[in-house]
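please work out how this folds:
(chains A, B and C)
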Amino acid sequence: MGMDLSYLEALMGGGSQGPEGGSGGVWVVSPEGALDDGILRLVGKARVLADSLGGYVYLLLAAGAGQDAGQTAIRAGADRVVLADGVPALADLVDFFSARAPQAVLLPYTYLGRSLGPGLGQRLGGGVVGCAADLALDPSTQRVIAHVPVMDNAARQNVIILEQPAVVVVDTLALPAAFSEPWRSGEVEESGLTWGAAPAYLAADLPAFPARIATAPLVVAAGRALKDAGFEVARRLAARLGGALAGDVSALDAGWIDEEQLVDITGQSIAPKLFLALGISGETTHFMAIQGAGTIVAVQADPTAPIAQVADWNIFADPAQFAQALLDKLGA
Amino acid sequence: MDFTFSKEHQLFRQTVHEFAEQEIKPLAQKVDKDESLATETIRKLGDAGLLGVPFPQKYGGAGLGETGYCILMEEIGRVCTSTATLIGAHVGIGTLAIYMGGTEAQKMRYMPDLCTGRKIASFCLTEPGAGSDAAAIRTSAIRDGHNYIITGSKIYITNGPIASTFSVMAMTDPALGARGGATAFIVEKGTPGLSVGKIEHKMGIRGSATSEIVFDEVCVPTENVIGQVGAGFVTFMQTLDSGRLGLGAASLGGIRTALEYMAQYAAGRQQFGKPIGEKQSIQWMIAETAADLDLLYSLVYRTAWMVDTGQAYSREAAACKLFGSTAASRAIDRALQVHGALGYSRDFPLERMWRDARIGEIFEGTNEVQHYVIAEEVLKPYGVRVRP
Amino acid sequence: MRIVVCVKQVYDPATVRISRSREEFDLRGATRITNPADRYALEAGLRLRDGDALGGEVIAVTVGDAQADDTAHEAIAMGADHAMLVSGRELAAASGRTVTRALAAAVERLAPVDLVLTGYIGAVNGTGGLAGRLAAALGWPVVLDALQLAPAADGLEALVSYAGEGRLVSLSGPAVVSVRPGPERPRYAHAARIANAWQPGLVETCSPADLGLEGDLLIGDTEAGGLVLGAERTRGQVIGGGVEDAAGAVLEVLRSQRLI
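Okay, here's the model as predicted:
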């Protein structure tokens, strides 16, 4: 009676179908060689996918990352870590993966990840998703499903990847937390691959963006309760956050803001991702102007103020003190 | 009957709507408070080709016809009546007088700069003693060799302080009366004797520059006669006929905004535990405004179609102005009432719109004159003489 | 320079609703517009052309169904010299691979092309992968997140926002560049150009078959499914504790939304 136990061997990471075989499996690529929280989360997600697919998790770490990094990745869920020197160009990754037959290749949503991922998928003839917040597997078809943020992250769309390999650039921030399981084991392999150095470039100044309140994703708005001194803190907070400074009618009257910064249906209606209202008690016209805002955080002392019903988050405190505390936490 | 706008006009509306929202609307309150329109705004209008919309491209215009012009006036009128007034006086009457009455050489000479906004036009007809009674003008133009010497003054001239090209009506032969004795001239800024007089401080459209224009023996060559000597009155009346349609379109924009504000506030403002939009009194005001909007919309664009297809349109254009101005004032008044004390506050745009709208019943031919124009058209075939 | 700009017709996000009950997009009443990000790409191309002492040409290419014709004409109204529309019913809501193939075929048909520009992402449900895919299909380098493009000694120089820092990237041959919105708005279509944009001969329409794309080549690599919605918005929640704790909580919210 010979039972075919090869699947067990595969699961236990050994045998002829072991990860040294290098075929199939879910690959995570860190082209910058970083092993930050994002990559570790991605490895963890790859682990979940690989377990359902019945395969291995490989991590390709470029830019001369060391053995220690490799071990951390193993504990986070990788079966095998491949180390390489230098920064890969698209052709390097195409060569690397053409020799293997990955089921999925995952890259982080960094500049290099976004530059290399889609092209890699195109050249490998796979299915490509340029930005996903999460990944899942369709158990019946074994296809990777990418959860793509849509409508400015108002929802996510399930995108079924029909071709293999599934090449996905993943925004790792939204993934479940990385884990570290000391009992995991695996190999860290020095591939001997030496890719080129990162291309040289000249640093340059980015153009200054006028913080138009109509288009800024983050708006800090000042209201009466701040008083002059508090307004100064609010102004510095807006600058430090890179957000646009706005205000309600009392701020306009106080001379803190000008007409173009007025948020009120007499001025402008705006729809930023986050609206931080400091010292604003809130009147109907002000609300109507911020109805479209993604998240409204209101900091003022009165729990009965109209804005408390409308804000997603209320902080009943002195707005100037809060602004200073947030500024302090942000540091220089 | 296909009521769809052409692709060109659809894209044009989309473009102007965006322009108005991004470039004009944020500055509207400030324009009113400062009583002036930034030269930057005029430059942007010119750069986008919005200061010569109805005129053929060979003169530097956009070639979008009267329909395009009405779309422009509606979308600008939605957000800032002062800006719409500047455009209306510059395009709708100032430049139009040259286009309707001028020779080919005059059109080629003056219109390109006006269509690009490099120069602004102004229409100088009204005098202290000659408002509705335009035929009673006293500004004289006396022939002197190869020139005319123009003496007199005009009042309530829109764009007066900022214009470079003035279309002026003056009496060349008082004995003949206005029909035959009045001539239209082009006078350019910088001509000795031409000056901007008293600046008008108005109830509304405060961002629109209005002033007296003084002609102190201003000498212009005979080439500056628009068309023929003695044809001035007819040219100017025809110009006004057409220009007033643009005002109807601007009123349409105003009603649209009033309705939007009303509906928005009715939904957002809660009293007695419910949005005020659930109260019949508010619903009635909204319904009446919406009906007026639909009426004026149909009238304006049907009339624009008549202009663009070469049909007579005098009566319809007058109806647009007559109905549009009163409907806009009513709509804005209702919107103000819906907003209550907030509507009365200077922090809220309705108060400005209310002041801005009032002029609609007065300028470019008072509503009383519009009644005459319409009555004349109706009664003409019956042989009844209509005289103001 | 011969510059191709990829412009896409998308649903106007302001008119798209999300149906919580059916967990899908509610497109009733949704209107279509030129992808806002692509207008920045078109503006960058127009500026390069206008600044080119040797003269240049900007060709807009759009892939879509018959209605996408409007986007091709809008590109002309904004200033493109001419446009190509690759049109077919199967191209409405086509997958990334299909669009990439169609665009690559169009670029090859328009050869020689010196530069291809794309917007950085498609509105509503874009993922920003087009530039990389198209570059790989053409065998050209890709440069992402360019804010400005200028002619340089032996080609072009792109000012790129590399993770928030400015870098100058040199390009000496054909490349695909994705354009990130800069501080200036794209130009408004000039009224006279709008009036002329529908004149004959400005937009060349072809089918995928005309470009050699049929059958298997049109099979998509992904399939869009239903929506997953987050929790319903709850207003009026309170963050307790003192200003210190509250500031910490707000910092977390800012980070989780990638606002800092």
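
tell me how the chain divides into domains.
I'll assume chain A. Using automatic domain parsing, the domain parsing of chain A gives A:21-194, A:218-330.

switch to chain B, that's the one I care about
If you go by automatic domain parsing, chain B breaks into B:7-119, B:122-230, B:234-382.

chain neighbours aside, what residue packs nearest to the residue of the stretch 51-200 of chain B found nearest chain C?
Nearest residue of the stretch 51-200 of chain B to chain C (C-beta to the nearest C-beta) works out as residue B:62 at 3.4 Å. Glycine gets a C-beta too; all of them are placed from N, C-alpha and C. Nearest residue to residue B:62 in three dimensions, chain neighbours excluded: residue C:191, at 3.4 Å (C-beta to C-beta, 6 or more residues apart in numbering or on different chains).

can I assume that neighbour is in contact with residue B:71?
No - counting by C-beta atoms under 8 Å, residue C:191 does not reach residue B:71; the two are 10.2 Å apart.

identify the contacts common to those two.
B:12, B:64 (C-beta atoms under 8 Å, 6 or more residues apart in numbering or on different chains).

give the contact list for the residue nearest to residue B:62.
B:12, B:15, B:48, B:49, B:50, B:52, B:53, B:62, B:64, B:68.

so what's the residue of the stretch 51-200 of chain B closest to chain C scoring on pLDDT?
According to the prediction, residue B:62 has pLDDT 98.

can you get me a residue count around it?
Residues lying near residue B:62 (other C-beta atoms under 10 Å in any protein chain shown) number 28.

residue B:90 too?
28.

what do you get for residue A:141?
Residues near residue A:141, counting by other C-beta under 10 Å: 10.

so the residue of the stretch 51-200 of chain B closest to chain C makes contact with residue C:189?
No - shown here, residue B:62 and residue C:189 do not form a contact pair, counting by C-beta under 8 Å, at 10.6 Å.

the residue nearest to residue A:209 when sequence neighbours are not counted and chain B, how far apart?
Nearest non-adjacent residue to residue A:209, counting by C-beta to C-beta, 6+ apart: residue C:183, 4.5 Å away. Distance, residue C:183 to chain B, by C-beta to the nearest C-beta, to the nearest Å: 14 Å.

so who does residue 227 touch?
No chain was given, so I picked chain A. The neighbourhood of residue A:227, defined by C-beta under 8 Å, 6+ apart, consists of residue A:320.

wait, chain B
B:101, B:102, B:103, B:184, B:235.

neighbours of the first one, just the number please.
Here the number of neighbours of residue B:101 (other C-beta under 10 Å) works out to 22.

next, the contact list for residue B:72, please.
So residue B:72 contacts B:12, B:16, B:50, B:53, B:87, B:249 (C-beta under 8 Å, 6+ apart).

which residues touch residue 184?
I'll assume chain A. A:74, A:75, A:77.

other chain: chain B
If you count contacts by C-beta under 8 Å, 6+ apart, residue B:184 has them with B:97, B:101, B:167, B:168, B:169, B:225, B:226, B:227, B:231, B:232, B:235, B:236.

hmm, back to that, wait, is the residue nearest to residue A:209 part of a helix?
No - per DSSP: H, G, I helix; E, B strand; the rest coil, residue C:183 lies outside any helix segment and is coil.

distance of it from residue B:170?
Taking C-beta to C-beta, to the nearest Å as the measure, residue C:183 falls 50 Å from residue B:170.

pick out whichever of the two has more residues nearby.
residue B:170 (27 against 13).

residues contacting that one?
Counted by C-beta under 8 Å, 6+ apart, residue B:170 has contacts B:137, B:139, B:140, B:141, B:148, B:150, B:152, B:182, B:183, B:185, B:215, B:232.

for the first one, grab the count of nearby residues.
The number of residues packed near residue B:137 is 26, by other C-beta under 10 Å.

contacting residues around it?
B:125, B:127, B:129, B:130, B:152, B:169, B:170, B:171, B:178, B:182.

from chain C, how far out is the residue of chain B positioned farthest from its centre?
For chain B, the largest distance from the centre (C-alpha atoms, centre = their mean) belongs to residue B:273, which lies 44.2 Å off. Per C-beta to the nearest C-beta, residue B:273 is found 17 Å from chain C.

will you turn the domains of chain B into TSV that also has distance to residue C:210?
Below are the domains of chain B laid out as TSV (distance: least, C-beta to C-beta, whole Å):
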stretch	distance to residue C:210
domain B:7-119	24
domain B:122-230	52
domain B:234-382	38
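
out of the ones you listed, which is the most enclosed?
Ranked by mean neighbour count, these are led by domain B:7-119 with a mean of 22 (mean count of other C-beta atoms under 10 Å in any protein chain shown).

endpoints of that domain, how far apart?
Start-to-end span of domain B:7-119 (C-alpha to C-alpha, to the nearest Å) is 30 Å.

repeat for stretch B:151-168
Using C-alpha to C-alpha, first and last residues of stretch B:151-168 are 11 Å apart.

show me where the chain has helices.
Since no chain was named, I'll use chain A. A:6-11, A:37-53, A:67-75, A:90-98, A:111-124, A:227-241, A:249-253, A:284-290, A:307-310, A:319-330 (DSSP state H).

meant chain B actually
B:7-19, B:28-34, B:39-47, B:65-79, B:81-87, B:96-101, B:104-116, B:178-181, B:232-268, B:280-308, B:314-339, B:341-344, B:349-357, B:367-379.

which parts of chain B sit against chain A?
By the rule C-beta under 8 Å from any C-beta of the partner chain, the part of chain B lying against chain A is B:22, B:26-27, B:29-30, B:261, B:264-265, B:268-269, B:342, B:347-349.

at 10 Å what do you get?
Neighbours of chain A within chain B, by C-beta under 10 Å from any C-beta of the partner chain: B:21-22, B:25-31, B:33-34, B:260-261, B:264-265, B:267-270, B:339, B:342, B:345-352.

which of the residues you listed are close to chain C?
The residues of those that also fall near chain C, by C-beta under 10 Å from any C-beta, are residue B:22.

which residue does the stretch 101-250 of chain C have closest to chain B?
residue C:191 (3.4 Å).

show me what the helix or strand harbouring residue C:246 is packed against.
Residue C:246 belongs to helix C:243-256 when assigned by DSSP states H and E. Secondary-structure packing of helix C:243-256 (3 or more C-beta pairs under 10 Å, 6 or more residues apart in numbering or on different chains; DSSP states H and E): strand A:274-278, strand A:295-299, strand A:313-315, helix A:319-330.

at 6 Å instead, please
helix A:319-330 (3 or more C-beta pairs under 6 Å, 6 or more residues apart in numbering or on different chains; DSSP states H and E).

what about contact with chain C: does the helix it packs on have any residue there?
Yes - applying C-beta under 6 Å from any C-beta of the partner chain, one finds helix A:319-330 in contact with chain C at A:321, A:322, A:325, A:326, A:329.

would you mark the buried spots in that helix?
Counting neighbours by 16 or more other C-beta atoms under 10 Å in any protein chain shown, one finds that the buried residues in helix A:319-330 are A:319, A:320, A:321, A:322, A:323, A:324, A:325, A:326, A:327.

got TSV for these, with distance to chain B and pLDDT too?
Below are those laid out as TSV (distance: C-beta to the nearest C-beta, whole Å; pLDDT from 0 to 100):
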residue	distance to chain B	pLDDT
A:319	22	95
A:320	24	95
A:321	29	94
A:322	27	95
A:323	25	95
A:324	30	94
A:325	32	94
A:326	29	94
A:327	29	92
